[in-house]
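Undergrad: Structure of the sequence below:
(one chain, ligands or ions: 2)
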Amino acid sequence: MQNNRDTELTQIPGMKYIPDYITEDEHDNLLEMIDRQTWLEDLKRRVQHYGYKYDYKKRSVNPSMYLGELPEWLLSIARRLYDNRILGKIPDQVIINEYQPGQGIADHVDCPRCFENTIISLSLVSTCIMQFSHVTTPEKIPILLYPRSLIVLQGQARYQWKHGIPARKIDKYGCREFVRTRRVSMTFRNISQPQNTSIRQLFQTK
Ligand SMILES: O=C(O)CCC(=O)C(=O)O
Ligand SMILES: [Fe+2]
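TA: Residues are numbered from 1 along each chain as shown. Ligands and ions are numbered 1, 2, ... in the order given. As a prediction, this is how the structure comes out:
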């Protein structure tokens, strides 16, 4: 098992791990901005939605759920992801998740018809293990995410593997233990093309 501190992992095709994607100052500024906004409290964990609201029950997102352009403090990171060619378009949807120690997220594949191929998660504050489980085989691969790192899921990593965060207070990785503190993650995505097309159609004159 590798420690991901300095490694760009490619154990799962389509997965990239990029440590230290943002500086410590950027990290602290982002967290401060996040904590100035309103959290939604309807799930077990607190969330914020930007760009488009995602409906967890219906597993859908559509133009009527447009919340407006990303605010500048998110757009600057979204633009950087595009400028660094981590994805081919500037992301138009961001979900911020907050996990207290002991909280997690169930194994899932991000809604394939809602979002495009690239899913990016930027980790803030705490380490945590993200568990990858193959959709058709029993294979499981834990990946340790450090604060300020990016995990990028495309292709097989996005569609053939579920990802989740086990709900626990301490992660064991190799022979080390990592005690969780509050973790905040920022997930950057593009809503899928047909939905973007229908927005364009709404504004077409003929
Ligand atoms: O917290 C994370 O890094 C991942 C969140 C996630 O998987 C999601 O919002 O779909
Ligand atoms: Fe996800």
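Undergrad: ok, which stretches of the chain are strands?
TA: For the chain, strands defined by DSSP state E occupy the ranges 15-18, 46-50, 93-99, 105-108, 119-124, 128-134, 140-145, 150-153, 161-165, 170-173, 176-179, 183-189.
Undergrad: Compile those into CSV and extend it with columns for distance to ligand 1 and mean neighbour count.
TA: The way it works is simple: take the backbone N, C-alpha and C, and place the C-beta from them, glycine included. Below are the strands of the chain laid out as CSV (distance: least, Cβ to the nearest ligand atom, whole Å; neighbours: other Cβ atoms under 10 Å):
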stretch, distance to ligand 1, mean neighbour count
strand 15-18, 12, 20
strand 46-50, 8, 18
strand 93-99, 5, 21
strand 105-108, 5, 14
strand 119-124, 4, 22
strand 128-134, 6, 20
strand 140-145, 7, 18
strand 150-153, 7, 23
strand 161-165, 6, 20
strand 170-173, 13, 15
strand 176-179, 15, 11
strand 183-189, 3, 23
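Undergrad: Using JSON lines, lay out those together with mean pLDDT.
TA: As requested, these are exported to JSON lines (pLDDT from 0 to 100):
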{"stretch": "strand 15-18", "mean pLDDT": "96"}
{"stretch": "strand 46-50", "mean pLDDT": "96"}
{"stretch": "strand 93-99", "mean pLDDT": "97"}
{"stretch": "strand 105-108", "mean pLDDT": "96"}
{"stretch": "strand 119-124", "mean pLDDT": "98"}
{"stretch": "strand 128-134", "mean pLDDT": "97"}
{"stretch": "strand 140-145", "mean pLDDT": "96"}
{"stretch": "strand 150-153", "mean pLDDT": "97"}
{"stretch": "strand 161-165", "mean pLDDT": "98"}
{"stretch": "strand 170-173", "mean pLDDT": "97"}
{"stretch": "strand 176-179", "mean pLDDT": "98"}
{"stretch": "strand 183-189", "mean pLDDT": "98"}
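Undergrad: pLDDT score assigned to residue 63?
TA: On the pLDDT scale, residue 63 is placed at 76.
Undergrad: Equivalent analysis for residue 202, please.
TA: The score at residue 202 is 45. That number is its pLDDT.
Undergrad: Please report the distance of the nearest residue to residue 116 once chain neighbours are set aside from ligand 1.
TA: Leaving aside its sequence neighbours, residue 116 sits nearest to residue 190 (Cβ to Cβ, 6 or more residues apart in numbering; 4.3 Å). Using Cβ to the nearest ligand atom, to the nearest Å, residue 190 is found at 14 Å from ligand 1.
Undergrad: neighbours of residue 190, just the number please.
TA: Residues near residue 190, counting by other Cβ atoms under 10 Å, number 22.
Undergrad: Can you check what pLDDT the model gives it?
TA: Reported pLDDT for residue 190: 96.
Undergrad: out of the strands of the chain, which comes closest to residue 72?
TA: Nearest to residue 72, of all those, is strand 46-50, at 11.4 Å by Cβ to Cβ.
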